[in-house]
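S.K.: sequence and predicted model, in that order:
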Amino acid sequence: MLLQGPPLALPAGAAQPLAMAVHELATNAVKHGGLASPKGSVSVTWLLSGAAETPVLLLCWAERLAAPLAAPPTRRGFGSRVLDATIRQQLGGSVTLDWPPEGLVCRLTVPLRAAPSLPHLPM
C-alpha cells in the first residue's frame, strides 16, 4: 500500500464523512479489490489545490488487482451510495469512479471549508 501526500489538518466537519468514505473504499478493496489478494495493491495519493482560504483536497484511490478486471460493475452498490452521501451530499465535493482493467480508480474532490459553527445551547 502506498500513501503519499502532504500533511494536512482536516476541518472537524470533514473528518468523519471523509473517514467513512475511505473506510468504505478500504472495506471493498479487502473483500473484492486490490487488497483481496497478496498480489494486489492500493495506492492513495492526495494534494491540496485552490487558494489558502478555500483549499480543496484532491484524493486518488487506485487499486491494482491480482488479475485484470473482466468488466466494470453493472449495478450501483452500497459503496457508491455511501460515497455519494458522504462526499457529495455532506461535503459538497465530487466522486469519480473509473474501472480500468487494473482495478478501481476513485477520485475525490473535497472542499475543505470550515464547518459552520453550531449555536450555543444553554445548559
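M.R.: The structure has been received and is ready for your questions.

S.K.: who does the longest helix along the chain touch, helix- and strand-wise?
M.R.: Of all the segments of type helix in the chain, defined by DSSP state H, the longest one is helix 12-31. If you count contacts as 3 or more Cβ pairs under 8 Å, 6 or more residues apart in numbering; DSSP states H and E, helix 12-31 packs onto strand 41-49, strand 56-64, helix 78-83, strand 105-111. In short, each C-beta sits where N, CA and C put it, glycine included.

S.K.: mind listing what's buried in it?
M.R.: G13, A14, P17, L18, M20, A21, V22, E24, L25, A26, N28, A29 (16 or more other Cβ atoms under 10 Å).

S.K.: now render those as TSV, adding distance to Q89 and pLDDT.
M.R.: Formatted as TSV, the buried residues of helix 12-31 follow (distance: Cβ to Cβ, whole Å; pLDDT from 0 to 100):
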residue	distance to Q89	pLDDT
G13	13	90
A14	13	93
P17	9	95
L18	13	95
M20	12	95
A21	11	96
V22	17	96
E24	14	96
L25	17	97
A26	21	97
N28	19	94
A29	23	96
